[in-house]
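Asks: Whatever this is, show me its structure:
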Amino acid sequence: MLFLLATPEYTNAQSNVTKIRVHLRTGVAEIFDQHQDLMGKIENNLIEIETNFEGKVDKTILIVQDAVFIVSNQGLDADAEVTGTSVYVYAKRALEVNSSLTVDKVNKDYEAKQLELETTIANTSGMGKDSKVLLLEGDVEFFKKSVGIVKVLKG
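Replies: Predicted structure coming up:
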């Protein structure tokens, strides 16, 4: 199975994927090879990917912001070399939970976005929220959730 994650700053493509787990509003979806075509919005910001390489199972966890996914058995590109089930995820931002991602690093990103939001709000005329404020609020919420997720996973 093929997995592709695309964001404006990060791209992750993996083959030999055996299982992908995403949390939807209606519950958890576990996607295996030959899964039915499906699309949806990832609700809790987490994607878990299991890859089998040379008999070893490797698990990757990604934290995503504003993500949607598409599962396709035909593929989105008819000329692609890879056939079978493909999972495509499109997100605004993604963080891979690995040894270099620490609670402190995510907390610093959260504090920086929070400060940027406060500065932007202070510099607006007070005539309602403009698009930059709304985007920053989304970023602040993402990093706030990410701090909690990283604390639990690395706890």
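Asks: other SSEs contacting whichever helix in the chain runs longest?
Replies: Identified as the longest helix of the chain according to DSSP state H is helix 131-154. In terms of contacts (3 or more CB pairs under 8 Å, 6 or more residues apart in numbering; DSSP states H and E), helix 131-154 is packed against strand 56-65, strand 93-97, helix 103-123. Yep, even glycine has a C-beta here, placed from its N, CA and C like the rest.
Asks: In contact with the most centrally placed residue in the chain, which residues?
Replies: Nearest to the geometric centre of the chain sits residue 64, at 2.1 Å (CA atoms, centre = their mean). Residue 64 sits next to 5, 7, 42, 45-47, 89, 91-95 when contact means CB atoms under 8 Å, 6 or more residues apart in numbering.
Asks: Please list only the buried members of the residues you listed.
Replies: For those, a neighbour count by 16 or more other CB atoms under 10 Å gives the buried set as 5, 7, 42, 45-47, 89, 91, 93-95.
Asks: Give me the below-cutoff pLDDT ranges for this structure.
Replies: Applying pLDDT under 70 to the chain flags residues 75-83, 125-128.
Asks: how much space between the residue nearest to residue 59 when sequence neighbours are not counted and residue 139?
Replies: Nearest non-adjacent residue to residue 59, counting by CB to CB, 6 or more residues apart in numbering: residue 50, 5.4 Å away. From residue 50 across to residue 139, the span is 29 Å (CB to CB, to the nearest Å).
Asks: Quick check: bridge partners of residue 50?
Replies: residue 19, residue 59 (DSSP bridges).
Asks: That one: neighbouring residues, count only.
Replies: Residues within reach of residue 50, counting by other CB atoms under 10 Å, total 17.
Asks: what's the spacing between it and residue 85?
Replies: Applying CB to CB, the value for residue 50 to residue 85 is 14 Å.
Asks: do the same with residue 155
Replies: Distance from residue 155 to residue 85, by CB to CB: 33 Å.
Asks: Neighbour count for those two, which is higher?
Replies: The neighbour comparison of residue 155 against residue 85 (other CB under 10 Å) goes to residue 85, with 22 against 6.
Asks: Would you map out the domains in the protein?
Replies: The chain breaks down by automatic domain parsing into domains covering 2-97, 103-154.
Asks: Which strand residues bridge the residue nearest to residue 11 when sequence neighbours are not counted?
Replies: Leaving aside its chain neighbours, residue 11 sits nearest to residue 5 (6.8 Å; criterion: CB to CB, 6+ apart). Note on residue 5: beta-bridge partners by DSSP bridges are residue 12, residue 89.
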